[in-house]
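> Got a predicted model here, sequence first, then my questions.
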Amino acid sequence: MELDFKLQKIIKKEAEYKSTNLGLNLLISRLQRRYSLNPSQAELDNCLREIKAFFEKYANIMKKDVDAIEKL
Amino acid sequence: MFINLEEAKKLILEGRILHIAAEESLLNQLPKGKWIAGTTPYFITEQGGITSKDKLFVNEITDAVDFKTAVYDRSNIFDITKDAFANGMTFLVMPFASDVAVFYAKEAPNVDDLFMNPVIGWISGYDLSTGSSAKVYDGVTGTAYGDKAVALHISLPDNKTASIGIVNIFSADNDDAVIEFKEDALSVTKCLVNGKETVFSDYITENKIDTQLPLVADYNGVLINVSIKSVSKENKTVDFYAPVFSGKEYRFARPVDDYAASFAEQLKGHKDVKPVFSCNCILNYLYGKLDGKATPPFAGPVTFGEIAYQLLNQTLVYAELIDK
């Protein structure tokens, strides 16, 4: 739940996180733009689902990023 | 590897999985096999930049455990996300100025799940001095296309994953004017300069802006360029090689005095990279006079656009395979 909360803050641009992973940075940028065009809870939930799917798929190489985001 | 036609044929006949870049007359002579290709006569080899019509740049994907090729047009190009292997990487090559390339450029950043599978590739081109047309090739069928995209989907072993990176020598001056656009577009008339509506072509002319410099936008710390294709004073339009997007803030890049030195500086941070593929932009090659100059550890085709998930401009892109 803590990770969800931090990810929501990143998507809403209330927190900043920059990765060394190109795909993650481009994804964050895309989700921030998507949410800014439609700042609704449903859109936020969709964005959250997409970024969590990314972390799940790349769990083996995303651990550092997940740990860092949880500490934001 | 930068090899001759006979060496390339041998690799194909041995059943190797290959990505190939070369001039059209060479690609037309290749036998069917496990390969895709695109046209360009420009390369940056380990020995330096070169224009060549008698050698091919070949990337062998030795780690691939399976592969498939696919051909796409604008109606199904984003099937690449579902066609990709669960653990793999997709090489995508599209002809310059083709309908599918223009569509991909504009829509890719808005496509759900684009980032779930690494997509790397380039826009094929041609010899600018002769002005022929860009092609792509599906080696499995031996078919060349001028209006479709080809993809090589590869599957990787469980202990490997693909990682995509970029090298961008450009930076933006944060004190410079902020330029915004009201819609996603490959061609614009108006923009906002520091919030004030302005005819963009007039702004460029009046401020004597060097249009060899791209617009730069910050994508969560990653600087993404948009290169200017042409400025029409008569029509008051500015055309781009990749789209600008609404909601993004752009600035013109700082001038680069010495491209080769700038690459050398940027590449210091990439010396341990072991790329399975890389390509660099024709505009960097031409504006930066990279003929004869190498960009280690990166070598590959010089392209009319670069793909790292989405279309990029004036950027070196690369893929490496890393242990999970």
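Yes, it's here.
> Can I get the helix or strand of chain A with the lowest mean pLDDT in CSV, CA atoms only?
Counting by mean pLDDT, DSSP states H and E, the weakest-scoring helix or strand in chain A turns out to be helix A:59-70, with a mean of 92. The C-alpha coordinates for helix A:59-70 follow below in CSV (Å, rounded to 0.1, in the frame of the first residue of the first chain):
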residue,chain,number,x,y,z
ALA,A,59,10.7,-7.3,-10.8
ASN,A,60,14.2,-8.7,-11.1
ILE,A,61,15.8,-5.4,-12.3
MET,A,62,13.4,-3.0,-10.6
LYS,A,63,14.0,-3.8,-7.0
LYS,A,64,16.3,-0.8,-6.5
ASP,A,65,13.7,1.5,-8.0
VAL,A,66,10.9,0.1,-5.9
ASP,A,67,13.0,0.4,-2.7
ALA,A,68,13.8,4.0,-3.6
ILE,A,69,10.2,5.0,-4.4
GLU,A,70,9.0,3.5,-1.1
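> In terms of secondary structure, what does that helix contact?
Contact analysis of helix A:59-70 by 3 or more Cβ pairs under 8 Å, 6 or more residues apart in numbering or on different chains; DSSP states H and E lists helix A:2-11, helix A:41-57, strand B:160-167 as its packing neighbours. Placement of C-beta: from N, CA and C, glycine included.
> just the angle between the very next helix or strand once past the first one and strand B:160-167, please?
Stepping forward along the backbone from helix A:2-11, the first helix or strand reached (DSSP states H and E) is helix A:22-37. Taking axes from the mean of the first three to the mean of the last three Cα atoms, to 10 degrees, helix A:22-37 and strand B:160-167 form an angle of 70 degrees between their directions.
> Now do B:Phe57, the pLDDT please.
B:Phe57 carries a pLDDT score of 98 in this model.
> Pretty sure it sits against B:Thr303.
No - the pair formed by B:Phe57 and B:Thr303 falls short of the contact definition of Cβ atoms under 8 Å, at 10.8 Å.
> Neighbour count for those two, which is higher?
Comparing B:Phe57 with B:Thr303 by neighbour count (other Cβ atoms under 10 Å in any protein chain shown), the higher total belongs to B:Thr303, at 30 against 26.
> Just list whatever residues bridge to the closest residue to that one other than its chain neighbours.
Excluding the flanking residues, the one nearest B:Thr303 by Cβ to Cβ, 6 or more residues apart in numbering or on different chains is B:Trp122, at 3.8 Å. Counting by DSSP bridges, B:Trp122 is bridged to B:Val93, B:Glu306.
> gap between B:Trp122 and B:Tyr318?
Counting by Cβ to Cβ, to the nearest Å, the gap from B:Trp122 to B:Tyr318 is 11 Å.
> Looking at those two, which is more packed in?
Remark: of B:Trp122 and B:Tyr318, B:Trp122 carries more neighbours, 32 against 24, as counted by other Cβ under 10 Å.
> From chain A, how far off is the more buried one?
Here B:Trp122 is placed at a distance of 16 Å from chain A (Cβ to the nearest Cβ, to the nearest Å).
> and what of B:Ala105?
If you go by Cβ to the nearest Cβ, the gap between B:Ala105 and chain A works out to 14 Å.
> Report how many residues lie close to that residue.
Taking other Cβ under 10 Å as the definition, B:Ala105 ends up with a neighbour count of 23.
> Quick one: name the residues of chain A near chain B.
Applying Cβ under 8 Å from any Cβ of the partner chain, we find that chain A lies next to chain B at A:17-19, A:21-30, A:32-34, A:36-37, A:50, A:53-54, A:57-58, A:60-61.
> And those, which of them are buried?
The neighbour-count test (16 or more other Cβ atoms under 10 Å in any protein chain shown) applied to the residues of chain A next to chain B identifies A:17, A:19, A:21-30, A:32-34, A:50, A:54, A:57-58 as buried.
> quick one: the helices in the stretch 1-150 of chain B?
Remark: helices of the stretch 1-150 of chain B, listed N- to C-terminal, are B:5-13, B:24-27, B:80-83, B:99-107; assignment by DSSP state H, counting those that start in this stretch.
> which strands and helices sit next to the first one?
So the one you mean is helix B:5-13. Applying 3+ Cβ pairs under 8 Å, 6+ apart, one finds that helix B:5-13 makes contact with strand B:18-22, strand B:56-60.
> Same list (those strands) but as a markdown table, adding distance to chain A.
Rendered in a markdown table, the data for the helices and strands packed on helix B:5-13 read as follows (distance: least, Cβ to the nearest Cβ, whole Å):
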| stretch | distance to chain A |
| --- | --- |
| strand B:18-22 | 19 |
| strand B:56-60 | 19 |
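> Can you tell me which of those strands is most buried?
Mean neighbour counts were taken over the helices and strands packed on helix B:5-13 using mean count of other Cβ atoms under 10 Å in any protein chain shown, and the top value, a mean of 27, falls to strand B:18-22.
> Near B:Met89, how many other residues are there?
For B:Met89, the count of nearby residues is 28 (other Cβ under 10 Å).
> Now do the contacts for it.
The contact partners of B:Met89, by Cβ atoms under 8 Å, 6 or more residues apart in numbering or on different chains, come to B:117-120, B:153-154, B:156, B:162, B:319, B:321.
> out of everything not next to it in sequence, what's closest to it?
If you skip the residues right next to it in sequence, B:Met89 has B:Ala162 as its closest partner in space, 3.7 Å away by Cβ to Cβ, 6+ apart.
> Look at the one you found and report its pLDDT.
According to the model, B:Ala162 scores 94 on pLDDT.
> so it touches B:Gly88, yeah?
Yes - B:Ala162 is in contact with B:Gly88 according to Cβ under 8 Å; the separation is 7.0 Å.
> anything in contact with each of the two?
Counting by Cβ under 8 Å, 6+ apart, the shared contacts of B:Ala162 and B:Gly88 are B:118, B:156.
> check contacts around B:Pro31.
B:9, B:12-13, B:142.
> let me fix that: B:Gly247
The neighbourhood of B:Gly247, defined by Cβ under 8 Å, 6+ apart, consists of A:33, A:36-37, B:180.
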